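# Following is a predicted model, sequence given first.
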Amino acid sequence: MATWAETDPRVRQQYGREITKISTEMNWWNKFINNSETAIIMTDLRAEKPEGGTVRIYFRDDIEGDGVFGNQNFDENRGKQNSLYQDVDYELFGQSVVSKNKKIESKMAAENFRQKTKTDLPKWIATRTDRIITAKLTAGATNIVACSAASGVYAANVTTSIKAGDVLSVQAIREMKKRAKNGKDGAGNPHPMIEPAFKKAVTREGDIADYIDYYVLVVGQYGANQLKNDPEWLEAQKLAATRGNTNSLFSGALGEIDGVIVFERNNWNAKRAGILTSDILKFEVTSNGNTVTYATGFNNYAGVTGHKTEIALFLGATAGLLPIDEGFDYYEDDKDAGRKLEVAVDRGLGFAKAHLKDKTTEEQASEYHDKDFGSAVIVYSAE
């Protein structure tokens, strides 16, 4: 029986690169991922391919202190800069498929199956990665805006007052942005200021160079429909600049309001990732009796007596941390006495919402310690 498994390491490396590229492009979050500290999701390239464990990612806080004046020596009043860090779960992440054919009798049949896996495996990879990112960004938020029909938002950092009619509004989005820029949580307590997701350069009258700050809000189907019924939202979109592919700033977006670009997603279901609702308890995966729980507690966002809510993601710079190795390794092997072909890929990968921790007692007194760094949530009735 002829064998058709690919053994040339250079060819397998090329296949791995192809799958890495395709799965990256298929991941909904891809547009927000790069290696800059100003990215919504910051990558951290790693050489190791672990069996499991954690990696530590450091992040610099702002420089504090009054500095020196005149001819003073710099060492008389040096600035202080906290070194924040976060330990991120980092694991070997992979999948395999075996051909269904009773026999793969020709090189052409093997190549046929191989090409199909280059579509199917990236789709699985993109969905799993999407679920991990979405679930972890949503769980356990330390900055919560709860929508209210009467006053725009409830004056609390919890969702337990939300009831029918408490829908998403432009007023709530503006309140979230104000709190993000001023460093306040949903109850008005000190919280890390959320840096903008990106800035757009503009030229003011008189040829004055300036820039506009933008944040990102990702809503599900409930929130999208509620905004479309908000007269203030509808009026703002009429007055806004061109949307769609002709404007790279808003490409794929539902619209923009007051420097917040709103993206619409489907809701999370059995087959697809998407924006979560409070009736979903957790996201976990079981393989060969081993269960990995990625995120829990979505039901903590429920309203009055468990009223179903939707949890929209408000995001700025460094909302998430994504340690990864260079790309998927690709493997092939003959199975069933050479009658079937197995294709497999794996990659070192981890993800965590940026929730940074200081090291010293003094640093732990900071509002940055043990709080979400670049993200918040807006929660409203799922109706």
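On my side now, so go ahead.

# From now on I want contacts and neighbour counts done on CA atoms only, so please keep to that.
Fine.

# what's the average pLDDT for stretch 43-61?
Mean per-residue pLDDT for stretch 43-61: 79.

# Flag every buried residue along it.
43-44, 49, 55, 57, 59 (16 or more other Cα atoms under 10 Å).

# cool, and stretch 261-276?
261-265, 267-268, 273-276.

# for the buried residues of stretch 43-61, which one is nearest A253?
Comparing those against A253 with Cα to Cα places T43 closest, at 23.3 Å.

# neighbours of H191, just the number please.
22 (other Cα atoms under 10 Å).

# Could you export the buried residues of stretch 261-276 as JSON lines, including distance to A352?
Converted to JSON lines, the buried residues of stretch 261-276 look like this (distance: Cα to Cα, whole Å):
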{"residue": "I261", "distance to A352": "23"}
{"residue": "V262", "distance to A352": "23"}
{"residue": "F263", "distance to A352": "21"}
{"residue": "E264", "distance to A352": "22"}
{"residue": "R265", "distance to A352": "21"}
{"residue": "N267", "distance to A352": "21"}
{"residue": "W268", "distance to A352": "19"}
{"residue": "A273", "distance to A352": "17"}
{"residue": "G274", "distance to A352": "17"}
{"residue": "I275", "distance to A352": "17"}
{"residue": "L276", "distance to A352": "17"}
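
# what is the mean pLDDT for stretch 271-283?
What stretch 271-283 shows for mean pLDDT is 95.

# Can you give the contact residues for it?
Under the contact criterion Cα atoms under 8 Å, 6 or more residues apart in numbering, stretch 271-283 has outside partners 127-128, 130-131, 134-135, 138, 218-220, 265-268, 293-302, 308-312, 382.

# Skip ahead from the helix or strand of the chain with the lowest mean pLDDT and say which helix or strand is next.
Least confident element among the helices and strands of the chain, by mean pLDDT, DSSP states H and E: helix 361-364 (a mean of 67). Next in sequence after helix 361-364, counting helices and strands by DSSP states H and E, comes strand 371-372.

# Which residues does that next one contact?
By Cα under 8 Å, 6+ apart, the surrounding residues in contact with strand 371-372 are 141-143, 191-192, 319, 353-357.

# give me the number of residues near I22?
17.

# what residues are up against it?
Shown in contact with I22 (Cα under 8 Å, 6+ apart): 119, 122.

# quick one: the helices in the stretch 1-150 of the chain?
With DSSP state H, counting those that start in this stretch, the ranges of helices along the stretch 1-150 of the chain come out as 9-26, 107-138.

# Sketch out the low-pLDDT regions of the stretch 1-150 of the chain for me.
Filtered on pLDDT under 70, the stretch 1-150 of the chain yields the residue ranges 1-3, 59-65, 67-68, 74, 76, 79-83, 101-105.

# if we look at stretch 163-183, which residues are touching it?
145, 147-150, 152-153, 185-186, 188, 190-195, 215, 223, 226-227, 230, 232-233, 257-258, 260, 303-304, 307, 378-383.

# Sort out which residues of it are buried, please.
163-164, 166-177, 179-180, 183.

# Low-confidence ranges, the stretch 251-383 of the chain, go.
For the stretch 251-383 of the chain, the ranges with pLDDT under 70 are 251, 358-360, 362-366.

# can you do 80?
Residues of the stretch 251-383 of the chain meeting the criterion pLDDT under 80: 251-252, 336-339, 356-369.

# any chance you could map the strands in it?
Using DSSP state E, counting those that start in this stretch, the strands found in the stretch 251-383 of the chain span residues 255-257, 260-264, 282-287, 290-296, 309-315, 320-324, 329-335, 340-350, 352-353, 355-356, 371-372, 375-381.
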